[in-house]
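> just a sequence and a predicted model for now, questions to come.
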Amino acid sequence: MNINRVSILALFVATGYIPTAFAGESVVVAAKETEVVVEPRAANLRLIDLPALDFSLYAAMECNGTAESLTLSVADTYTTLGQDAIADQRSADILLTVPAHQLTLAASSSFCLTDDLASMDEELLVPGLATAHASLRCRNEDVVTVHFASAPLQVRLRCSHPSTEDQDPSSDR
């Protein structure tokens, strides 16, 4: 009988500290595939240096009260939309530019090598290269709630190499 009282008391205390989501409040984040051109590299370099990447992010949001802010981030780059920017909005579209060297390098042994430009792969799809995060802050009277979401980002790398059309014509006449 003493054990039941402790269990009930522990359950009562735990419900006061476990954060709960209010019905109808949420945030969802999605992103379009990002495409970027990379320069050929030497065969002994296994990692591909990534230039700045532009991510087109979409967030759908819902608050029971007032949406106070929406923050979208990729790696160390983020943007926050304040209450004025998201008032009466159900969604937001944002272009977030992540600077070069902020994301991990892509690894490949056969993509975009200077040694064999004729037979190399023209593109490389890298799913989950990074993750987009969204944070929505809602206020309903005196209660503030924060909701989170994330989505993997897909990047398509295209190799830049001189085409035969761009080269000067031979001058052996």
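Yes, it's here.

> need the helices for the protein, in chain order.
Assigned by DSSP state H, the chain shows helices spanning 2-17, 83-86.

> lowest-confidence stretch among these?
Lowest mean pLDDT of the helices of the chain: helix 2-17, a mean of 40.

> hey, which helix or strand in this structure has the poorest pLDDT?
The weakest-scoring helix or strand in the chain, judged by mean pLDDT, DSSP states H and E, is helix 2-17 (a mean of 40).

> in this structure Leu96 contacts Asp54, no?
Yes. Using C-beta atoms under 8 Å as the test, Leu96 is close enough to Asp54 to be in contact (7.5 Å). (Each C-beta comes from the backbone N, C-alpha and C, glycine too.)

> what's the spacing between the residue nearest to Pro127 when sequence neighbours are not counted and Val143?
Nearest non-adjacent residue to Pro127, counting by C-beta to C-beta, 6 or more residues apart in numbering: Gln154, 4.8 Å away. Counting by C-beta to C-beta, to the nearest Å, the gap from Gln154 to Val143 is 37 Å.

> these two: who's more crowded?
Neighbours of Gln154 and Val143, each counted by other C-beta atoms under 10 Å, are more numerous for Gln154; the result is 16 against 10.

> what's the more buried one in contact with, if anything?
Applying C-beta atoms under 8 Å, 6 or more residues apart in numbering, we find Gln154 in contact with Ala31, Glu33, Thr34, Leu125, Val126, Pro127, Gly128, Leu129.
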